[in-house]
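> A structural model of the following input is requested.
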Amino acid sequence: MTGDPTFLYVLKNGRDIVYIGVTTNPTGRLAQHLGRNGSFREPVRMDLLAKFESRAEAEAMESALIAEIKPEANVRGNPDQERALM
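Numbering: from 1, shown residues only. Reported below is the predicted structural model:
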């Protein structure tokens with residue numbers, strides 16, 4: 001492996017996936033999401049889906065999942081949310 005592993009994760013509100021992302025620091029990233037300037041005020045849970053050797057691999061899977069699942073908080077790669085910004 002080169003560098004830190006990159007994790008693919010989902011944030012869930014109950015059973016609903018509200019966000020898909022990648023990070024090298026799951027604990028720190030969850031704190032960012034839930035912090036004062038974070039996007040989430042309601043209770044969310046982070047589930048790690050996979051660990052990748054490269055960020056590029058993780059981002060490719062992230063993009064595929066966003067396109068398939070279309071979580072409400074993902075804008076990049078989610079055609080429904082991208083149209084809403086136009």
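
> Distance of Leu49 relative to Arg55?
Distance of Leu49 to Arg55, given as Cβ to Cβ, to the nearest Å: 15 Å. C-betas here are computed from N, CA, C, even on glycine.

> Ala50 pairs with what?
Leu8 (DSSP bridges).

> Look at it and say how many residues are nearby.
A count of nearby residues for Ala50, using other Cβ atoms under 10 Å, gives 14.

> Contact partners for the spatially most central residue of the chain?
Residue closest to the average C-alpha location in the chain (Cα atoms, centre = their mean): Gly21, at 1.9 Å. Residues near Gly21 by Cβ atoms under 8 Å, 6 or more residues apart in numbering: Leu8, Tyr9, Val10, Leu11, Arg29, Glu62, Asn74.

> Would you agree it falls within a strand?
Yes: assessed by DSSP: H, G, I helix; E, B strand; the rest coil, Gly21 belongs to a strand.

> pLDDT score for it?
For Gly21, the pLDDT comes out at 97.

> Tell me how far it lies from Glu59.
Going from Gly21 to Glu59 by Cβ to Cβ gives 10 Å.

> what's the neighbour count on the nearest residue to Ala67 once chain neighbours are set aside?
Counting by Cβ to Cβ, 6 or more residues apart in numbering, Ala67 lies nearest to Gly77, which is 5.8 Å off, once chain neighbours are set aside. In terms of burial, Gly77 registers 17 neighbours under the definition other Cβ under 10 Å.

> Tell me who's in contact with Gly77.
Neighbour list for Gly77: Glu62, Ser63, Ile66, Ala67 [criterion: Cβ under 8 Å, 6+ apart].

> out of those, who has the most neighbours?
Neighbour count (other Cβ under 10 Å) singles out Glu62 as the most crowded of the contacts of Gly77, with 24 neighbours.

> gap between that residue and Gly35?
Distance, Glu62 to Gly35, using Cβ to Cβ: 21 Å.

> where along this structure do the strands fall?
6-13, 16-23, 45-52 (DSSP state E).

> ok, back up a step: kindly indicate which of the contacts of Gly77 lies nearest Arg15.
Using Cβ to Cβ, the shortest approach to Arg15 within the contacts of Gly77 belongs to Ile66, at 18.1 Å.
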